[in-house]
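In: Okay, structure incoming, though there's no sequence with it:
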C-alpha cells in the first residue's frame, strides 16, 4: 500500500538525500509525502510526525523561508511538550533549531535567538551535564548571539566558561579546544584593550596551531583563524604583520573554493561564494596600503588566482557535461557522484566538526581529487589545475610590448562605498605593479548602464551617421585618464 509506514520511511530517506544535495523542491515534496502518511497511519501527535515536522522546519530554515519554518517548528514543539514536557530534550532540540533559524534568516533576530538558545542551554545542562558537547555548543552559540547584541561583558563571561570547560573535557590538543580558544580570542580582541589584546592574540595563535595539528591545512577552521588574525592586526595598524596571515588565508581559502565549487549546483555556487569572507574586503585592505609594494604585489596575486579559479570551475563543469555522454566513464562518474553527495552533506558545518569528521572530510576530498584525475586520464582530457599562480610567472608571460590590467571590486565591511580597482601589471623586468582606484562602484556601474541603454537604442534604429554614444566617451575618459600615467609607452593592453 502507498500509505504504509515503510513507504513514509523511504520518502524520509530519499528526502534527506535530496536535502543534503541541496535539491529543495524534491526534498520538500518527499518530506510532505512522508508527513501525510505518518499523520494518517500513526496519528498527528506521534514521535515520527514530530521528527518529520522538525525536519521540514530545518528544510525551510535552510532555504530562508522563515514563516513556513516557524509553522513547522511550532507544530513540532507543541507535540514535544505534549509528549515529554516543556523541559524535555525533545523540546530543547526544537528550541535550538528555532534559535538557529532566527540567526540565519532575514531579518536576523539575535534577541530571539539568544532567548531560545538560553532556554535550550538550561535544559541540556540539566539533562546531559554542563560539559556535554551539545551543552557546550549551545553555550558557544549563546555567547555569539550576545556579542551580536552588543552585550560584550556577558558574552565574554560565557566564552570564558565555554573555553575552560572545553579544555578540561577534551585536553589541550583537540578541535573543540581550538574552537573554544578561537571564540574566546575574538571576544577579547573586540574589546580593544592592551591587556585583552595580548591574551587574545596568544589564544588566536594557540587555536591556529591546534587546527594545523588536528585538521588539514585548507580546512575552514584554519582559514578562519588566519582571517581573524589578519583583520585584528590590520585594525590595530599592525599592517606589516597582517599581510602574512592574510596571504596564507587567500592561498588556503582559494584552494578550498576550487575543491568545493564543483560539488555544488550553479545556484549553490552563487550562495556559497556570497557567504565566503570576501576577497573584496581583503582587496579593500590592500587598497588602503597601496603605497606599500608588498601589499600591491600580494593583492595582484589574489585577484589573478581568484579569477583563475572561476574559469577553472567553469571548465570542470563543461568537461563533466561532455563526459556525461561517454559510456567509458560511467563507473567513475557514478563513484564521483557518491563522493560528492557525502561532501555536500558534510560541508554546511565543516568548520566545527570534531577530529574524526575532519579526517573523513579530507579523506573524501582526496578521494574526489583522485577520481577527477582518473576521469581526465580516461577521457584524454586536461587534469584540473589547482596550483597557486605567482605574480612573477604571470609577468614573465606578458609580451614586452603589452600591459596586463586586472580589474576587480574592493568593498569594506563598513559604510565605505565599494570601488573599482585596477592592477597595472607590466612585463617582467619593467616598473613595479601599480594599484589604481578607477572610481566608485556606483559611479562606474551607472555609466555602464547608460552605455548599454544608448547602444540598445542605436541597435534598434541603425544609422550610418550615428556618432559614438556620449556615455562611451565619458566612461573612456574616466578609465583612460586614470590608467594612462601607469601604462608607459607599451601599445598593447590586456584588460581582464
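Out: Good, I have the coordinates. The shown structure was predicted, so the numbers you read here are calculated from the model rather than taken from an experiment. Residues are numbered from 1 along each chain as shown.

In: Counting by contacts, list what the lengthiest strand in the chain packs against.
Out: In the chain, with assignment by DSSP state E, the single longest strand is strand 402-410. Using 3 or more CB pairs under 8 Å, 6 or more residues apart in numbering; DSSP states H and E, the elements in contact with strand 402-410 are helix 279-288, helix 293-323, strand 419-425, strand 492-495. Where you see a C-beta, it was placed from the backbone N, CA and C, and this is true even at glycine.

In: hmm, who's touching the shortest one?
Out: When contacts are defined by CB atoms under 8 Å, 6 or more residues apart in numbering, strand 492-495 is touched by residues 398-399, 401-405, 407, 487.

In: Of those residues, keep whichever come out buried.
Out: Those of the contacts of strand 492-495 that meet the buried threshold are 398, 403-405, 407, 487, by 16 or more other CB atoms under 10 Å.

In: ok, residues contacting the longest strand of the chain?
Out: 279-281, 283-284, 286-287, 300, 303-304, 306-307, 394, 398, 418-427, 438, 441, 483, 487-488, 490, 492-496.

In: Please state the offset of the host helix or strand of residue 76 from the chain centre?
Out: Residue 76 belongs to helix 66-84 when assigned by DSSP states H and E. Here the centre of helix 66-84 is set off from its chain's centre by 30 Å, with CA atoms, centre = their mean, to the nearest Å.

In: now the helix or strand where residue 254 lies and helix 279-288, what's the angle there?
Out: With secondary structure defined by DSSP H and E, residue 254 is part of helix 239-260. On the basis of axes from the mean of the first three to the mean of the last three CA atoms, to 10 degrees, helix 239-260 is oriented at 150 degrees to helix 279-288.

In: Who are the packing partners of helix 239-260?
Out: The helices and strands touching helix 239-260, judged by 3+ CB pairs under 8 Å, 6+ apart, are helix 220-235, helix 279-288, helix 293-323, helix 355-379.

In: of those helices, which approaches residue 434 most closely?
Out: Between residue 434 and those, the shortest gap by CB to CB is with helix 293-323, which sits at 7.2 Å.

In: what's the model's confidence in that closest one, averaged?
Out: The average of the pLDDT scores along helix 293-323 is 79.

In: Are there helices or strands packed against the next helix or strand after that helix, and which ones?
Out: Counting by DSSP H and E, the next helix or strand C-terminal to helix 293-323 is helix 330-346. Under the contact criterion of 3+ CB pairs under 8 Å, 6+ apart, helix 330-346 touches helix 5-20, helix 355-379.

In: which residues are contacting the first one?
Out: This points to helix 5-20. Taking contacts as CB under 8 Å, 6+ apart, the residues outside helix 5-20 that touch it are 1, 26-27, 30-31, 33-34, 37-38, 41-42, 48, 52, 55, 58-59, 62, 341, 344-345.

In: Next, the buried residues of that helix.
Out: Using 16+ other CB under 10 Å as the burial criterion, the residues of helix 5-20 that qualify are 8, 11-12, 14-20.

In: again, but for the last one
Out: For helix 355-379, a neighbour-count test (16+ other CB under 10 Å) marks 355, 358, 361-362, 364-365, 367-368, 371-372, 375-376 as buried.

In: before we move on, the earlier item: with residue 433 as the reference, name the closest of the helices and strands packed on helix 239-260.
Out: With respect to residue 433, and counting by CB to CB, the nearest of those is helix 293-323 at 5.3 Å.

In: Can you tell me which helices and strands whatever helix or strand residue 169 lives in packs against?
Out: The secondary structure element spanning residue 169 is helix 152-170 (assigned by DSSP H and E). Taking 3+ CB pairs under 8 Å, 6+ apart as the contact definition, the neighbouring helices and strands of helix 152-170 are helix 133-148, helix 175-189.
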